[in-house]
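**Q** make a model of this:
(one chain, ligands or ions: 1)
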Amino acid sequence: MSDHEYRTTALSKVYGSGPSAVHALRGVDLTLPPGEIVVLLGPSGSGKSTLLNILGGLDSASSGQAWFRDQCLTDMSDTDLTRYRRNHIGFVFQFYNLMPSLSAQENVELVTEIADTPMDAGEALAVVGLGDRQDHFPAQLSGGEQQRVAIARAIAKQPDVLFCDEPTGALDSATGRSVLRVLRDVNERLGTTVLMVTHAANTAAMADRVIHFADGAIRETIRNTVKKAPEDIEW
Ligand SMILES: Nc1ncnc2c1ncn2[C@@H]1O[C@H](COP(=O)(O)OP(=O)(O)OP(=O)(O)O)[C@@H](O)[C@H]1O
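**A** Prediction:
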């Protein structure tokens with residue numbers, strides 16, 4: 001049994017080739033223990049989403065290695081990566097990608113119907129504070145509520161890791177805070193590791209670990225000894 005959730009060595013990603021090649025990741029070495037909230041910060045284009053996509057099994061590396069526990073992601077076939085995503089990973093994106101013609105409960109059930117050990121859809125909605133809104137359609141919910149349905153959908157299959165790419169990017173600060181509170185609750189109540197890319201730098205205050213990216217590399221990693229409650233975060 002490995003003691004890390006993720007480990008990378010000299011992880012690199014180059015898009016394209018020749019003079020137009022883009023070096024999105026330039027040799028990233030990283031070790032992340034399980035159960036943490038990790039926030040990735042850095043300028044636009046610094047490689048945060050690329051790292052998230054490789055660790056989440058959505059993209060491949062050009063060189064170097066990445067492991068999830070004792071499984072080497074960079075050696076996996078597409079079929080194994082699909083299985084890895086299905087069994088271990090939940091995704092939350094900036095735009096909620098809910099089906100407009102389905103209720104909140106039915107949107108969550110899209111996932112619970114194909115997962116191996118799912119939570120009940122109503123229970124997942126209760127975790128995000130929407131237990132009483134399960135029959136509402138996306139158009140009847142605020143942006144923050146829709147994002148919480150998306151989080152319920154992501155956690156309903158009981159993933160080990162929740163990947164969040166700009167989860168509050170489309171939300172005002174009060175609504176954004178309510179979404180961050182839900183992510184903190186998921187981490188604390190279910191033990192889910194949360195990896196979050198954000199431009200909202202103040203979000204770093206609620207993280208166990210903050211990774212600063214610049215130009216495809218980790219510039220600095222900070223471990224917070226004291227974490228702020230999401231409701232106390234200013235932005
Ligand atoms: N599919 C792709 N094809 C070509 N270049 C890409 C592709 N995806 C990303 N890139 C480039 O790789 C670099 C890193 O992009 P990435 O999306 O990882 O940065 P980021 O830090 O997440 O940026 P942002 O904060 O704007 O989302 C950028 O220069 C980007 O243009």
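
**Q** quick one: contacts of the longest helix seen in the chain?
**A** Secondary structure of the chain per DSSP state H: the longest helix is helix 173-190. Here helix 173-190 makes contact (C-beta atoms under 8 Å, 6 or more residues apart in numbering) with 35-37, 127-129, 142-144, 147-148, 151, 155, 158, 162, 164, 167-168, 171, 192-194, 196, 200, 203, 206, 229-231, 233, 235. All C-beta spots, glycine's among them, are computed from the backbone N, C-alpha and C.

**Q** kindly report the same for stretch 106-113.
**A** The set of residues external to stretch 106-113 that reach it, using C-beta under 8 Å, 6+ apart, is 98-99, 102, 118-121, 124-125, 138, 149, 152-154, 156-157.

**Q** okay, buried residues for it please.
**A** By neighbour count with 16 or more other C-beta atoms under 10 Å, stretch 106-113 contains the buried residues Glu106, Asn107, Val108, Glu109, Val111, Thr112.

**Q** what is the neighbour count of the residue nearest to Ala204 when sequence neighbours are not counted?
**A** Leaving aside its chain neighbours, Ala204 sits nearest to Val210 (4.3 Å; criterion: C-beta to C-beta, 6 or more residues apart in numbering). For Val210, the neighbour count with other C-beta atoms under 10 Å is 20.

**Q** whichever strand or helix holds Val210 - what's its average pLDDT?
**A** Applying DSSP states H and E as the criterion places Val210 in strand 209-214. Averaged over strand 209-214, pLDDT sits at 96.

**Q** of all the contacts of stretch 106-113, which comes closest to the ligand?
**A** Ala154 (19.1 Å; C-beta to the nearest ligand atom).

**Q** okay, and that closest one sits in which element?
**A** Secondary structure assignment for Ala154, by DSSP H and E: helix 143-155.

**Q** in the helix or strand bottoming out on mean pLDDT in the chain, what counts as buried?
**A** Lowest by mean pLDDT, DSSP states H and E among the helices and strands of the chain is helix 173-190, with a mean of 89. Neighbour-count burial for helix 173-190, counted by 16+ other C-beta under 10 Å, picks out 175-187.

**Q** in this protein, which spans are strands?
**A** Secondary structure of the chain (DSSP state E): strands located at 6-15, 22-32, 37-41, 63-68, 71-72, 89-92, 161-165, 193-197, 209-214, 217-223.

**Q** same list (those) but as CSV, adding distance to Leu51.
**A** Converted to CSV, the strands of the chain look like this (distance: least, C-beta to C-beta, whole Å):
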stretch, distance to Leu51
strand 6-15, 7
strand 22-32, 6
strand 37-41, 7
strand 63-68, 9
strand 71-72, 16
strand 89-92, 14
strand 161-165, 10
strand 193-197, 8
strand 209-214, 8
strand 217-223, 9
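
**Q** export these to CSV and tack on distance to the ligand?
**A** CSV is the format used below for those (distance: least, C-beta to the nearest ligand atom, whole Å):
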stretch, distance to the ligand
strand 6-15, 3
strand 22-32, 3
strand 37-41, 8
strand 63-68, 15
strand 71-72, 22
strand 89-92, 15
strand 161-165, 8
strand 193-197, 6
strand 209-214, 6
strand 217-223, 11
